[in-house]
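>>> for reference, the sequence and a predicted model appear below.
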Amino acid sequence: MARRKDHRAGASLQETSRKETSRKEASRNSPPTEELPAADGRHVARALIPDETIEAEDAPADDLFDEEADDGSDGAGRLVAVTIAADAGRQRLDQALAAAAGESRARVQALIRAGHARLGGRTIGEPGHRINAGDRVELTIPPPEAATPEPEAIPLDVVYEDDDLIVIDKPAGLVVHPAPGHRTGTLVNALLHHCGAALSGIGGVRRPGIVHRLDRDTSGLLVVAKSDRAHRHLAAQFADHGRTGDLERAYLALVWGAPPVSAGTVDAPLGRSSANRMRRAVTRGESGKEAVTHFRVLERFGDPNAPVASLLECRLETGRTHQIRVHMAHLGLPLVGDPEYGAGFRTKVARLAEPARGLAAAFPRQALHAALLAFEHPVTGEILHFESELPPDMAALVDAVRAAGAA
């Protein structure tokens, strides 16, 4: 159950906040760096916090700003790409794309004029633009606009609410807003029932009041704007990611293995995976967007020389889709239960004793929880601070892994 803290924080996460502030200050003075092998053999430069004794947590402790967000859809729509054959000669852009996409020429012309066509990475807005043999052209066909969401009486764990905003402790499995494949049963549907017409309209029909998101299967704290003035102010705070303001977010992640350092930073750009556009990957070149994740080891489980798992606190300096999940997998430390980025590590469950083995093998989601959220109230200026304990499923898993490691 999440709790409103206002100006107070729980001991463990408040201490982490102070350490994070110290880390930010220290990072300005050229902190020491170490090269840590990544899962694919490459190296990620990381700024290190000096090693220290860290007490275990005794109690259960990725754009719209995509804080580890994926609502089960590819927001970019369908991508059509075609390379003009050598014997095709010069032809109109709209003709080539209409043939490749299987869409009407009028539809394709409208999409081109709206800026959805590219030639060699450059946007082309003229349907009659002439293209040559060997040219590669692309057209992004956006998904159909969803109908206006309907209010639905879905229970919400409301942590705090006033005239300008509402803070929710989101359960795993709840999609944030309607998207292809999830037209109903979302947080937005629930908020429309709970708040009526009070939600901010800046987010549009499908995303009223939404200023950041969480993965469908990530649990934890999320704030929603109820007024336009709150929406603008909160959106600016999330865009800044706490670099200059009072925004704080911390996630708890149970991962396979453990980093060899007590704390550090992953600085590795993310983009769409070339193998699967629904997934993200560490990428190089222009396709990658800056992505920075700070982590701290809270507890290691099992053999001290080769831990089977560990509990990490992760803080985002950027907000990319699936950021924590991809960065941890890139280091060879995927989240327990992650179906996208951790499936190859499921054999590690054999190292656990029962009942931890059974719980880990059957865990239906990535073990990730948004445990801390702090921000400046967009109207009053008050600093609001909230914490959320691990939900029962993840708390039981952590307890079982801890007990198995101590056995």
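Cool, got the structure.

>>> not counting its neighbours along the chain, what's nearest residue 233?
residue 378 (3.3 Å; C-beta to C-beta, 6 or more residues apart in numbering). Just so you know, the C-beta spots here come from the backbone N, C-alpha and C atoms, and that holds for glycine as well.

>>> part of a helix, is that neighbour?
No - secondary structure of residue 378 (DSSP: H, G, I helix; E, B strand; the rest coil): coil, not part of a helix.

>>> just checking, it touches residue 164?
Yes - contact status for residue 378 versus residue 164: in contact at 6.1 Å, counting by C-beta atoms under 8 Å.

>>> report the set of residues contacting both of those two.
225, 229, 230 (C-beta atoms under 8 Å, 6 or more residues apart in numbering).

>>> for residue 357, state which of the residues you listed is nearest.
Proximity of the shared contacts of residue 378 and residue 164 to residue 357 (C-beta to C-beta) peaks at residue 225, which lies at 43.5 Å.

>>> which strand residues bridge that closest one?
Taking DSSP bridges, one finds residue 165 as the beta-bridge partners of residue 225.

>>> can you pull the contacts of it?
Applying C-beta under 8 Å, 6+ apart, the residues near residue 225 are 164-165, 199-200, 202-203, 209-211, 231, 234-235, 378.

>>> on that earlier part again, number of residues surrounding the residue nearest to residue 233?
21 (other C-beta atoms under 10 Å).

>>> what do you get for residue 322?
The number of residues packed around residue 322, counting by other C-beta under 10 Å, is 25.

>>> check what pLDDT it gets.
Looking at residue 322, its pLDDT is 94.

>>> that one touches residue 217, doesn't it?
No - using C-beta under 8 Å, residue 322 is not in contact with residue 217; the gap is 11.2 Å.

>>> that older thread, which one of the shared contacts of residue 378 and residue 164 is nearest residue 273?
residue 225 (31.9 Å).

>>> separation between that closest one and residue 168?
According to C-beta to C-beta, to the nearest Å, residue 225 and residue 168 sit 12 Å apart.

>>> same check on residue 342?
Taken as C-beta to C-beta, the span from residue 342 to residue 168 is 26 Å.

>>> what's the burial count for the closest residue to residue 78 other than its chain neighbours?
Spatial nearest neighbour of residue 78, excluding adjacent residues (C-beta to C-beta, 6+ apart): residue 141 at 4.4 Å. Here the number of neighbours of residue 141 (other C-beta under 10 Å) works out to 18.

>>> part of a strand, is residue 191?
No - applying three-state DSSP, one finds residue 191 to be helix, outside a strand.

>>> who's in contact with it?
Residue 191 touches 156, 166, 199, 208, 209, 224, counting by C-beta under 8 Å, 6+ apart.

>>> and those residues, which two are the farthest apart?
156 and 208 (14.8 Å).

>>> among these two, which residue is more densely surrounded?
residue 208 (24 against 19).

>>> thinking again about what came up before, neighbour count winner among residue 342 and residue 168?
residue 168 (24 against 21).

>>> just to check, that one is in contact with residue 156?
Yes - assessed by C-beta under 8 Å, residue 168 is found in contact with residue 156 at 5.7 Å.

>>> can you tell me the helix or strand for residue 303?
Here residue 303, judged by DSSP states H and E, is contained in no helix and no strand.

>>> that one and residue 352, how far apart?
Taking C-beta to C-beta, one finds residue 303 at 12 Å from residue 352.

>>> and for residue 371?
From residue 371 to residue 352 the distance is 23 Å (C-beta to C-beta).

>>> with residue 252 instead?
Separation of residue 252 from residue 352 (C-beta to C-beta): 19 Å.

>>> and for residue 164?
Note on residue 164: its distance to residue 352, by C-beta to C-beta, is 46 Å.

>>> and these two? which has more neighbours close in?
Neighbours were tallied for residue 164 and for residue 352 using other C-beta under 10 Å; the higher tally belongs to residue 352 (23 against 20).

>>> could you check the pLDDT of that one?
Reported pLDDT for residue 352: 90.

>>> same list, the shared contacts of residue 378 and residue 164, but as JSON lines with pLDDT please.
Converted to JSON lines, those look like this (pLDDT from 0 to 100):
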{"residue": "225", "pLDDT": "94"}
{"residue": "229", "pLDDT": "91"}
{"residue": "230", "pLDDT": "93"}
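
>>> which among those gets closest to residue 127?
Nearest member of those to residue 127, counting by C-beta to C-beta, is residue 225, at 38.4 Å.

>>> in which helix or strand would I find the closest residue in space to residue 376 that isn't next to it in sequence?
Once flanking residues are discounted, residue 376 sits nearest to residue 246: 4.8 Å by C-beta to C-beta, 6+ apart. If you go by DSSP H and E, residue 246 is not part of any helix or strand.

>>> quick revisit: kindly reformat the shared contacts of residue 378 and residue 164 as TSV containing distance to residue 399.
Formatted as TSV, the shared contacts of residue 378 and residue 164 follow (distance: C-beta to C-beta, whole Å):
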residue	distance to residue 399
225	36
229	43
230	38
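
>>> can you tell me which of the residues you listed is nearest residue 358?
Nearest to residue 358 among those, with distances taken as C-beta to C-beta, is residue 225, at 41.8 Å.

>>> the closest one and residue 149, how far apart?
16 Å.

>>> cool, and residue 334?
33 Å.

>>> quick one: contacts of whichever strand or helix holds residue 358?
Taking DSSP H and E as the criterion, the element that holds residue 358 is helix 356-362. Applying C-beta under 8 Å, 6+ apart, the contact partners of helix 356-362 are 336, 337, 346, 349, 350, 352, 396, 397, 400, 401, 403, 404.
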